[in-house]
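Engineer: got a predicted structure plus its sequence, pasted below:
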Amino acid sequence: MTRRASRPGGSRTRRPSQPRAKLEPLQHIRALLAARASESATGALDRWVDAIAEFPEEFNASVRYLAQHEADGFTTDERWLLLSIAMEMAEDPMLSDACEELELRIDAEARAWPGYDTGDLNYEQMRAELPAYAAVSDAWSALRTYIEVHFLHELGMHDMARSFVDSTSQWERRLRDGEATLLGVPRIVLSADDDPFGILLT
């Protein structure tokens with residue numbers, strides 16, 4: 001996991017709604033809940049993410065559902081994980097276009113990197129050696145952070161918003177724990193902070 005949630009696959013960008021058979025807006029999130037901690041959980045998560053990326057009614061219904069104090073059988077960390085995926089798709093009527101323009105500018109600045117055409121990209125070196133690339137990247141990150149924090153505040157997820165901004169280690173730990181229980185995979189222990197009682201980290 002990174003500070004922002006790891007997308008199971010495909011693009012995080014929300015796409016315009018396309019015609020489809022009428023579905024109950026919470027169908028995919030409830031299917032994910034039913035598959036929770038089973039072998040089919042990863043596929044259910046992929047289908048949910050694809051649905052909220054493609055259909056605004058799925059997105060809106062899911063985030064309202066997940067923002068409830070108790071969202072049925074999801075743990076708090078699982079809710080944080082799912083909402084963190086949704087927040088990366090959040091849009092702002094005044095700033096989303098600016099973010100897209102900055103993404104194009106970032107790509108244009110990155111083309112000055114010698115390994116750009118081969119995909120041999122070292123982002124830390126690029127930031128150090130291409131000041132314009134670093135500046136535009138920072139501007140994009142600031143706009144996206146504002147959009148995402150505002151999205152969480154509008155949902156009433158104030159603790160989640162504070163953790164996203166102020167406590168990277170806590171944020172990442174909660175997303176990792178949510179991913180482990182949601183998908184039924186072993187919990188990842190990277191540091192003593194992930195294992196305060198010293199049970200797993202040896």
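Structural biologist: Cool, the structure landed.
Engineer: residue ranges for the helices of this structure, please.
Structural biologist: Per DSSP state H, the chain carries helices over the ranges 27-35, 41-54, 56-66, 76-87, 96-110, 123-129, 131-154, 158-166, 168-183.
Engineer: so which of these comes closest to Asp117?
Structural biologist: In terms of Cβ to Cβ, the element of the helices of the chain nearest to Asp117 is helix 96-110, at 10.7 Å. For every residue, glycine as well, the C-beta is placed using N, CA and C.
Engineer: list the buried residues in the closest one.
Structural biologist: Cys99, Leu102, Arg105, Ile106, Glu109, Ala110 (16 or more other Cβ atoms under 10 Å).
Engineer: so who does the third one touch?
Structural biologist: If you count contacts by Cβ atoms under 8 Å, 6 or more residues apart in numbering, Arg105 has them with Val136.
Engineer: against Tyr123, how distant is it?
Structural biologist: Distance, Arg105 to Tyr123, by Cβ to Cβ, to the nearest Å: 16 Å.
Engineer: pretty sure Glu88 is touching Thr145, no?
Structural biologist: No. If you go by Cβ atoms under 8 Å, Glu88 and Thr145 don't touch, sitting 11.1 Å apart.
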